[in-house]
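Undergrad: only geometry, no sequence info:
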């Protein structure tokens, strides 16, 4: 179970690094605008906010990677629980605040965190 949890945590970390790229670097590109259901004007107007959100996703990715690399298993577990809890909180908040893309946020952010937390607690 721990191996499965760690693999899923790694995937979630990579996913959040990808969110950074989408939100901080590619926000106004047509494919990203379609994914987030934004017009060109909306994307341009929200570019700074999106970059800030992307930076927060980088912190989540960094924390999850730190949790996987920490040599003390008790500390690593605490880090995993904390950062997965942060991912879950962000995902649930995003679901509540985002009408159009709420389903995507749940599937891409909250559900993987729930699965990883479950595997971690069962390990």
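TA: Yep, it's here. This one's a predicted model, so the numbers in the text were calculated from it and none came from an experiment.
Undergrad: Where in the chain is the helix or strand with the lowest mean pLDDT?
TA: Least confident helix or strand, the chain: helix 102-105 with a mean of 88, by mean pLDDT, DSSP states H and E.
Undergrad: distance between the helix or strand that comes right after that one and the chain's centre?
TA: Going down the chain from helix 102-105, the next helix or strand is helix 111-122, by DSSP states H and E. In terms of C-alpha atoms, centre = their mean, to the nearest Å, the centre of helix 111-122 is set 14 Å apart from its chain centre.
Undergrad: Buried by neighbour count: which residues of helix 111-122 qualify?
TA: By neighbour count on 16 or more other C-beta atoms under 10 Å, the buried set for helix 111-122 is 112-117, 119-120. Backbone N, C-alpha and C define where each C-beta goes, glycine included.
Undergrad: For the residues you listed, work out which two are farthest apart.
TA: Taking C-beta to C-beta, the two most distant members of the buried residues of helix 111-122 are 112 and 120; they sit 12.2 Å apart.
Undergrad: Residues contacting the least confident helix or strand of the chain, please?
TA: 35, 91, 94-96, 98 (C-beta atoms under 8 Å, 6 or more residues apart in numbering).
Undergrad: Type out the PyMOL command that picks the buried ones from the residues you listed.
TA: Burial among these is assessed by 16+ other C-beta under 10 Å; the matching PyMOL selection reads:
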select buried, resi 91+94+95
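Undergrad: Would you point out the most distant pair within the contacts of helix 102-105?
TA: Distances among the contacts of helix 102-105 were taken as C-beta to C-beta; the most separated pair is 35 and 96, at 19.8 Å.
Undergrad: Spatially central residue for the protein, please.
TA: residue 16 (4.1 Å; C-alpha atoms, centre = their mean).
Undergrad: Now do the helix or strand harbouring that residue: everything it contacts.
TA: Using DSSP H and E, residue 16 maps to helix 2-20. With C-beta under 8 Å, 6+ apart as the test, helix 2-20 has contacts from 53-55, 57-58, 60-61, 64-65, 67-68, 80, 84, 87, 108-109, 112-113, 115-116, 119-120, 123.
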